[in-house]
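>>> curious how this folds, go ahead:
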Amino acid sequence: QVQLVESGGGLVQAGDSLRLSCAASGRAFVSYARGWFRQAPGKEREFVAAISWSGSSTLYADSVKGRFTISRDFAKNTVYLQMNSLKPEDTAVYYCAAGPEIVGFSDYVKSWGQGTQVTVSS
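Residues are numbered from 1 along each chain as shown. As a prediction, the model looks like this:
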């Protein structure tokens, strides 16, 4: 079964950094755009960042621009989310996702990971 597996979440202080990883099984989703969403308690899931299948294009939510960086390692079939200057409002469960295109990524997600908790204390 094709899976997306996240790792790297944890508890950090404001201003710290974390790097999330999302590994896909085998060669699954190699030609797919990949991305990250997050869901805070009591809030809807929101888009965070996406990267095209080639890695040449990226998209970011305004709330994380300049602080978060998405990248992908084709050899490992893994996507990363480097999160710097973390804020308490970044606290959420972060979900990895895969979709056919980076354009309209949020509307065409084909697969989700199970989520990893990120907690930022003030």
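>>> please report how far residue 16 lies from residue 85.
Residue 16 sits 8 Å away from residue 85, going by CB to CB, to the nearest Å. Placement of C-beta: from N, CA and C, glycine included.
>>> now swap in residue 49 and tell me
15 Å.
>>> the more surrounded of these two?
Legend: neighbour count by other CB atoms under 10 Å for residue 49 and residue 85, higher for residue 49 (24 against 13).
>>> the more buried one: what's it in contact with?
35, 36, 58, 59, 60, 61, 64, 68, 70, 81 (CB atoms under 8 Å, 6 or more residues apart in numbering).
>>> chain neighbours aside, what residue packs nearest to the fourth one?
For residue 59, ignoring the flanking residues on the chain, the nearest one in space by CB to CB, 6 or more residues apart in numbering is residue 50 at 4.7 Å.
>>> tell me the bridge partners for the one you found.
Bridge pairing for residue 50 (DSSP bridges) gives the partners residue 35, residue 59.
>>> count of neighbours near it?
Residue 50 has 27 nearby residues by other CB under 10 Å.
>>> same question for residue 26.
Other residues within reach of residue 26 by the criterion other CB under 10 Å amount to 9.
>>> can you give me the strands in this protein?
Ranges of strands in the chain, per DSSP state E, are 4-7, 10-13, 18-24, 33-39, 46-51, 58-60, 68-73, 78-83, 92-99, 111-112, 116-121.
>>> mind listing what's buried along the last one?
Neighbour-count burial for strand 116-121, with 16 or more other CB atoms under 10 Å as criterion, is recorded at 116, 118, 120.
>>> now do that strand, average pLDDT.
Computed over strand 116-121, the mean pLDDT rounds to 98.
>>> angle of that strand against strand 33-39?
Put simply, strand 116-121 runs at 50 degrees to strand 33-39, going by axes from the mean of the first three to the mean of the last three CA atoms, to 10 degrees.
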